[in-house]
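1. Pasted the sequence and its predicted model underneath.
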Amino acid sequence: MSRILITGGAGFIGSHLADRLLAAGHTVVVLDNLFTGHLRNISHLAGHERFRFIKHDVTEYIYVDGKVDVILHLASLPSPVDYLREPIKTLKVGALGTHKALGLARAHRATFLLASTSEVYGDPQVHPQPESYWGNVNPIGPRGVYDESKRFAEAMTMAYHRYHAIDTRICRIFNTYGPRMRVDDGRVVTNFIAQGLRGHPLTVYDDGSRTRSFCYVSDLVEGMVRLLESGEADPVNLGNPTEMTVLDFAKTVQRLTGGKSEIVFVSPKDERTKDDPHIRQPDVTRARKILRWDPVVGLEDGLQRTIEYFRTVLGADAL
Ligand code: NAD
Ligand code: UDP
């Protein structure tokens with residue numbers, strides 16, 4: 001059994017990884033500054049004998065007592081509204097934070113997994129996106145702070161792999177959803193579900209023709225664990241290849257939340273949709289081959305589970 005450090009482990013995906021790894025018998029240390037994460041995501045783990053929480057900013061020198069066998073580096077500001085509001089923090093956590101986390105991996109000779117993103121492909125000109133595609137990112141656009149920090153993080157991870165012989169993994173995560181997403185994170189899944197449950201209009205940006213492919217969190221976590229165990233240092237895409245337009249996604253959420261909301265088309269005046277990728281779909285050939293992985297949770301099933309969570313979090317009064 002390993003002692004596993006999860007940076008960003010009080011966030012949405014990190015807290016599910018913590019549950020999964022504790023259930024498998026590992027010891028888990030979550031390191032998080034709670035900037036976008038929340039203690040309620042890990043409060044059920046408090047008092048667990050193999051769990052520990054450290055409140056710390058990964059952009060500062062990291063010290064962890066005792067051995068560390070594995071580092072899962074998830075700390076980040078991954079929601080577009082967060083990185084548009086906090087561009088410098090986003091760059092720092094992606095770049096400086098990854099450097100610190102890799103330094104810790106080197107000190108402990110730990111295996112290091114980077115949670116990267118489909119945003120490294122930018123607004124793609126190859127569709128679906130295979131790992132061999134180098135991407136189409138505007139470095140100076142509003143999304144550049146997130147995209148380029150993750151591209152830098154990938155480059156830094158490969159440099160530690162090549163130069164310091166660190167055992168590394170790079171996981172390129174495509175849009176993932178599920179319980180414990182932050183209600184106000186501004187992403188399309190959370191916006192539409194909260195709007196649908198409250199009977200407010202579902203805000204489709206522009207004409208709703210952009211596409212995304214949504215992966216349920218348990219499928220992603222399974223893929224990340226398999227990648228960790230695989231020994232594969234080159235990037236691997238993890239996401240659900242079922243692609244749909246944002247408008248069709250809105251219609252699905254509208255129906256599943258009770259059909260009381262109308263769909264409205266809005267064009268945000270801020271930079272939310274600047275350089276917003278027009279299409280996105282993972283090519284998961286490598287994950288299938290190397291990890292024998294395929295997502296198994298269908299969209300409606302995953303959305304029902306997420307909607308149930310949102311009902312609880314929002315509370316009857318807020319609906
Ligand atoms: P999240 O915001 O819920 O989790 C990120 C966590 O990092 C939060 O708990 C936050 O408090 C923490 N954090 C931020 N800055 C920090 C700092 N300086 N020091 C310590 N902790 C810090 O987001 P998530 O959706 O769970 O994303 C987790 C990872 O997966 C991120 O690296 C993200 O880039 C990647 N990812 C997520 C998606 C998705 O659809 N959710 C898609 C692609 C990539
Ligand atoms: N979007 C939308 N309405 C919303 C929020 C988002 O139409 O209320 C669109 C957004 O423009 C993008 C897609 O939904 O094309 C996914 O956005 P999200 O913020 O979830 O993540 P992204 O995939 O862009 O990182």
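-> Cool, got the structure. Ligands and ions are numbered 1, 2, ... in the order given.

2. rest of the way, CA atoms for contacts and neighbours
-> Will do.

3. Helices of the chain, residue ranges please.
-> 12-23, 80-85, 87-108, 144-164, 188-198, 217-230, 246-256, 285-286, 299-318 (DSSP state H).

4. and Arg180, which of those helices is closest to it?
-> Closest of the helices of the chain to Arg180 is helix 12-23, at 5.1 Å (criterion: C-alpha to C-alpha).

5. Does at least one residue of the closest one sit close to ligand 2?
-> No - figure legend: helix 12-23 not in contact with ligand 2 (C-alpha under 6 Å from any ligand atom); closest approach 13.9 Å.

6. State the mean pLDDT of that helix.
-> Taken as a whole, helix 12-23 has a mean pLDDT of 98.

7. Quick one: residues in contact with it.
-> 6-9, 27-28, 30, 37, 41-42, 50-51, 74, 179-182, 217-218, 221 (C-alpha atoms under 8 Å, 6 or more residues apart in numbering).

8. From ligand 1, how far off is Pro124?
-> Counting by C-alpha to the nearest ligand atom, to the nearest Å, the gap from Pro124 to ligand 1 is 15 Å.

9. So that residue is in contact with Gln281, correct?
-> No - the pair formed by Pro124 and Gln281 falls short of the contact definition of C-alpha atoms under 8 Å, at 9.6 Å.

10. When these two are compared, which one has more neighbours?
-> The neighbour comparison of Pro124 against Gln281 (other C-alpha atoms under 10 Å) goes to Gln281, with 24 against 21.

11. Would you mind naming the residues that bridge with Ile173?
-> Thr117, Leu238 (DSSP bridges).

12. interface residues of the stretch 1-150 of the chain facing ligand 2?
-> Pro80.

13. wait, what's in contact with Asp276?
-> 123, 143.

14. ok, it to Pro201 distance?
-> Here Asp276 is placed at a distance of 22 Å from Pro201 (C-alpha to C-alpha, to the nearest Å).

15. again with Asp275
-> Distance from Asp275 to Pro201, by C-alpha to C-alpha: 25 Å.

16. now Gln304
-> 19 Å.

17. Sketch out the low-pLDDT regions of the protein for me.
-> By pLDDT under 70, the low-scoring segments of the chain are 316-319.
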